[in-house]
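Enquirer: Got a sequence here, can you build the structure:
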Amino acid sequence: MNSIRQVPTRVKSRRTEANLGAEREHFDKQQLNSISKAITSAETPVKEKHARRIILGTHREKGAYTFWSYALGFPLASSSILSWKFCHVLHKVLRDGHRNVLQDCMRHHSSLVEIGKLWSNLHDKYGQLVALYTKLLCTKMEFHAKHSEIPPNLEASDELLERTAGTDINNVFQLTVEVFDYLDAELRLAETVIRQLNTSIAISTLTSGQCRLSPLIQVIQDCSHLYHFTVKLLFKLHACLPADTLQGHRDRFHDQFHSLKTFFNRARDMLYFKRLIQIPKLPDSPPNFLHAASLAKHVKPVVVIPDEYDAEQPDDDEEEPEPLIEVSEVSTSSLQAQPQQLDIFDQTFGPPNGGFDDRDLQIESLKRDLELLRAELERVKLEAQRYITQLKSQINSLEAELEEQRAQKQHSFVENEQLRMELEATRRRNAEHEGSQFVFIEAEKRAQATEQRYNKLKEKHTELVSSHAELLRKSADTVKMLSATQQTQDEVERTKQQLSFEVDRIKQEADMKLEEQKFEMEKLKRELDEKMAEMMRIKGTLQSSEMTSEQMSSSLTALQAEKERLMRSERERSGREMVELQGKLQEKSSQEEQLKQRLLEEQFALLQGTVTEAENIIQDAVAKLDDPLHIRCTSSPDYLVSRAEATLGSVDKVKKGHADYLSNMGDAGGLLRAVTQFSHLAADTIINGSATAHMAPTDHADRLTENCRGCATQSLQFFSDLKSKTTLQRADPAAIRVIIQKILNLGQELRPKGMDVRQDELGDLVDKEMAATSAAIEEAVRRIDEMMNQARKDTSGVKLEVNERILNSCTDLMKAIRLLVIASTDLQKEIAEGGRGAASLKEFYARNSRWTEGLISAAKAVGWGATEMVESADKVVLHTGKYEELIVCSHEIAASTAQLVAASKVKAGRDSKKLSALQQASRHVNEMAANVVGSTRTGQENLEEKETMDFSGMSLIKLRKEEMESQVKVLELESQLENERLRLGELRKKHYDLVPSEPVSEGNGETSSLAYPANMSPKPSKPALSRKPVLAQKPNLPPKSTFK
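Expert: Alright, predicted model coming up:
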């Protein structure tokens, strides 16, 4: 009887469950309807009421499971507009949804990344926007997952921001960089959207434009908060760090400030935003972070969303939104439960006033209850089937994630093997003590890359798989740090095997748990089928149905308790394993510190040994200064200057190596190489300085010897400072540099005066002079052609014939000189290529400086002669010059040509074909010069024949008078001729004296350095073509075996 009395209560609970199930189905249907209407492929903005219902749904189910279960079914890869509106809805859900939405979204982080990569590779306007939007959403989720204190809508107080940043300045610095990246992603999306749209009113009011612009409302809200965060964090950084360190932060903030201000101004001018959002105004100039008082002037920008205005017309088939909690049905059912209970009680026991007992009514009521139970059983079946389907989908997703983790684990194993091979190669290179620090840096970079990959795996997996990834990362780090000895390598191999075994065991346990869950699900399904069959078999007995229901409830409770116990034991076991592995890691870290200390000691010992050898080298060089056998050794100032310059360069390297060693005591390779090079170069400078002093004047010799001794003393003092750890910090080679500079200056004072041109510029000067000579010849040919045309216009008859003959001969001479210059250039290249060996062309010219100077002098002379000949020919044609000037220019060109041939012939081979070509070109030039002389004299004679002398009308006395005047004039001319010959001789002597030291400036702006033989007579008794030009002399190089 008690069981019959309890029937109304159970019926009420069953009906309440039925109402909840119906409410859930209604909720799912409503969410599916809102999601499908909000995320469409039509180019229209997302309606606010659909997005609001989706957000309310996340608060109702305390998460975004339903949203993602429906959203993942959309074909996002086929429509860029669909993907764009999906990103917009997701942005709204992240900002205004339940706080658990962020965790649900992080599970689909990889899906967002794949969608962004897909659309970034396609040439589609919306596709570009989708790529930027997915990157923004990923950045937003990663930021708020890392800083969970800051809500996704960024509405955080200044006190909360202070607590998030903390007191560690490194954390504040890192948080500032992350906020910069966050704001960059927002601004890039906004700038791209506005760039694709025309900012006119017509565009912003169209649905296509509003589809692009609607997500910018959330971007504006985010940017206002991020700007405020950036200002606060930068003021805090400037209060703790120097201004120079934060220069990059200030520059980046200024760029973001101007971009954000431009974005706000352009959005404020659009009609679309004016009715939806009030955009704040930023100050005209960014805050001055160098003055802390500027923080008081900062005003936080506030975005105001006015009362929501929904101009959209409701759909005809859309129902009114229902409240989140169904109160009416529950209250109604509770009100109806008592009368129903009273009626069944009266039907069972009769009315309280002693009425008759109607058994038929009781049977009918029991039949109705049985029908209700049958319908309830069918509902339970459907609900169980739905749960089974959901669990199967979850199992499939877990299996897919497990496969992905297996693939990533295999990839990690391959990378570990590659790193092990690289470490073996590193040990072999360390045997030579070269490049050890570089290998360590590369290994650390790879370790950091591996750590980042493992951190990504940690975010995507459960706690069990995350601990497995952490063990793999720590194992890889242990392998990198303990690669010094073979014993440590063996320990790492054993540790890796143990970790591999642990990973396999954990994977097997996970597989076993998966199989157990499947078995439990099948077992539950079988039990449910058995219970339903049992309920069908015992229709007539309500007591049996109640017992079956209680058994099912107890079974489910027992299964839940067993599941909790297994998960708790698994967490405890994982915690113990983590503690053991951390202990091993600490032990390995201590061993690594010992190895680092040993490395520092070995590096300092190598430095001491190198410095000792350098001291011996310097002392040996100083000992040679007083060695009597060394007095016979001599050296040239040029070689001393080259040694001193090389030593100065090595001093800079020593200073840089010393600074690098002080900053990183574990790498002394740079300092060792610099000290070794400096010791040899300094010793070489000291020995060559002493050898140069043996041939120098007394004053210079004394100063040079004293400076060499001073260089040795300062070098030994510097080496002494390097050998001790107490004086290592203050060791400075500045004093050595001063002494070597003095030696360099003395060497330059002792160099010959003809060395004004730097040795490294001689090669360039040769090419420049040859090019200038060729250009002068080309210009001469052009001017001769112009003179020829002008002469044909202005003259005629005999004068035209004489002018054409002279100008034609000058043109032939210029062509012959051009061929000579080409042949000389070819021979010069052959000489340089054959004699330079492994050295460069500039080094070859510098080593043969005197021959090079002779070549340059000859080239200048040829170019100057060609220019002078053109000037003289112009004067002769215009009858303002003398024919003798043209003849002298021809002689000068022939002499300069001979000098160029002689200078080239000095270093040419005897069997050189290019030398034969040059000599042939020289003979051709001489012939053309003779033709110019001949045509000039012939033209002069032809013109003078026209002036016949007629003395027939003169008397005897007049003739005698004219004869005497003529004799006087002859004597005067002979006297002037004698004086001019003496003056010419003196000029040539002075010219010869000045040739080695400085060029003689000529009237036409060119420089000439023609050299005449010292024994040339002042009187030109022979033609100029027969004179022998000066040969370029070889440099007087000292013997290498004496002091090298």
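
Enquirer: Please make it C-alpha for all contacts and neighbour counts, starting now.
Expert: OK.

Enquirer: isn't G116 right up against L132?
Expert: Yes - applying C-alpha atoms under 8 Å as the test, G116 and L132 come out as touching, 7.3 Å apart.

Enquirer: Show me where the stretch 451-600 of the chain has its helices.
Expert: Using DSSP state H, counting those that start in this stretch, the helices of the stretch 451-600 of the chain run over 463-481, 486-537, 542-625.

Enquirer: what would those helices look like in TSV with mean neighbour count?
Expert: As requested, the helices of the stretch 451-600 of the chain are exported to TSV (neighbours: other C-alpha atoms under 10 Å):
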stretch	mean neighbour count
helix 463-481	21
helix 486-537	14
helix 542-625	14
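
Enquirer: could you dump those helices to JSON lines with distance to V798?
Expert: As requested, the helices of the stretch 451-600 of the chain are arranged in JSON lines below (distance: least, C-alpha to C-alpha, whole Å):
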{"stretch": "helix 463-481", "distance to V798": "99"}
{"stretch": "helix 486-537", "distance to V798": "104"}
{"stretch": "helix 542-625", "distance to V798": "80"}
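
Enquirer: Out of the ones you listed, which gets the lowest mean score?
Expert: Here these differ in mean pLDDT, and the lowest is helix 463-481 at a mean of 62.

Enquirer: how many neighbours does T705 have?
Expert: Residues near T705, counting by other C-alpha atoms under 10 Å, number 21.

Enquirer: how about it, what does it touch?
Expert: G689, S690, A693 (C-alpha atoms under 8 Å, 6 or more residues apart in numbering).

Enquirer: Now do the phi/psi pair for the last one.
Expert: Spelled out, that is A693. phi -70, psi -20 (degrees, to the nearest 10).

Enquirer: Not counting residues beside it along the chain, what's closest to it?
Expert: Leaving out its chain neighbours, the residue that sits closest to A693 by C-alpha to C-alpha, 6 or more residues apart in numbering is A701, at 4.3 Å.

Enquirer: what do you get for the second one?
Expert: Nearest non-adjacent residue to S690, counting by C-alpha to C-alpha, 6+ apart: T705, 5.8 Å away.

Enquirer: Against I743, how distant is that neighbour?
Expert: 9 Å (C-alpha to C-alpha, to the nearest Å).

Enquirer: again with F501
Expert: 71 Å.

Enquirer: shouldn't K624 be in contact with R632?
Expert: No - counting by C-alpha under 8 Å, K624 does not reach R632; the two are 11.7 Å apart.

Enquirer: In the stretch 301-450 of the chain, what residue spans correspond to helices?
Expert: Using DSSP H, counting those that start in this stretch, the helices of the stretch 301-450 of the chain run over 328-349, 359-430, 436-460.

Enquirer: Out of those, flag the one nearest G127.
Expert: When the helices of the stretch 301-450 of the chain are compared by C-alpha to C-alpha, helix 436-460 sits nearest G127, at 26.1 Å.

Enquirer: those strands in this protein, which residues are they?
Expert: All strands of the chain, identified by DSSP state E, fall at 1000-1001, 1007-1008.

Enquirer: Do me a favour and average the pLDDT over the last one.
Expert: It stands for strand 1007-1008. 33.

Enquirer: do the same with stretch 304-319
Expert: Mean predicted lDDT for stretch 304-319 stands at 52.

Enquirer: Same check on stretch 211-229?
Expert: For stretch 211-229, the mean per-residue pLDDT is 93.

Enquirer: Repeat that for stretch 780-788.
Expert: For stretch 780-788, mean pLDDT is 80.

Enquirer: same deal with stretch 697-713?
Expert: The average pLDDT within stretch 697-713 is 88.

Enquirer: buried ones in it?
Expert: H700, A701, L704, T705, E706, N707, C708, R709, G710, C711, A712, T713 (16 or more other C-alpha atoms under 10 Å).

Enquirer: Looking at those residues, spot the one nearest R751.
Expert: Within these, the smallest distance to R751 is 11.9 Å, found for H700 (C-alpha to C-alpha).

Enquirer: who's in contact with the closest one?
Expert: Contacts of H700 (C-alpha under 8 Å, 6+ apart): A693, L746.

Enquirer: Quickly note the distance from it to G747.
Expert: 9 Å.

Enquirer: ok, now S635?
Expert: In this view, S635 and G747 are 11 Å apart by C-alpha to C-alpha.

Enquirer: Same check on E383?
Expert: Counting by C-alpha to C-alpha, the separation of E383 from G747 is 103 Å.

Enquirer: And S41, by the same measure?
Expert: Counting by C-alpha to C-alpha, the gap from S41 to G747 is 85 Å.

Enquirer: so S259 touches R188, yeah?
Expert: No - with contacts counted by C-alpha under 8 Å, S259 stays clear of R188, the gap being 9.3 Å.

Enquirer: Okay, buried residues for stretch 396-410 please.
Expert: Going by neighbour count (16+ other C-alpha under 10 Å), the buried part of stretch 396-410 is L402, Q405, Q408, K409.

Enquirer: So which residues make contact with stretch 115-124?
Expert: Contacts for stretch 115-124 (C-alpha under 8 Å, 6+ apart): L76, A77, S80, G127, Q128, V130, A131, L132, Y133, T134, K135.

Enquirer: swap the cut-off to 7 Å and go again
Expert: For stretch 115-124, the surrounding residues in contact (C-alpha atoms under 7 Å, 6 or more residues apart in numbering) are A77, G127, Q128, V130, A131, T134, K135.

Enquirer: May I see the ChimeraX selection of the buried members of those residues?
Expert: Remark: buried members of these, expressed as a ChimeraX selection using 16+ other C-alpha under 10 Å:
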select :127,128,130,131,134,135
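
Enquirer: The contacts of stretch 115-124 in helices, which ones?
Expert: The helices, defined by DSSP state H, take in G127, Q128, V130, A131, T134, K135 from those.

Enquirer: If we only consider the residues you listed, which is nearest to R60?
Expert: Taking the ones in helices among the contacts of stretch 115-124 together and measuring to R60 by C-alpha to C-alpha, the closest member is T134, at 26.3 Å.
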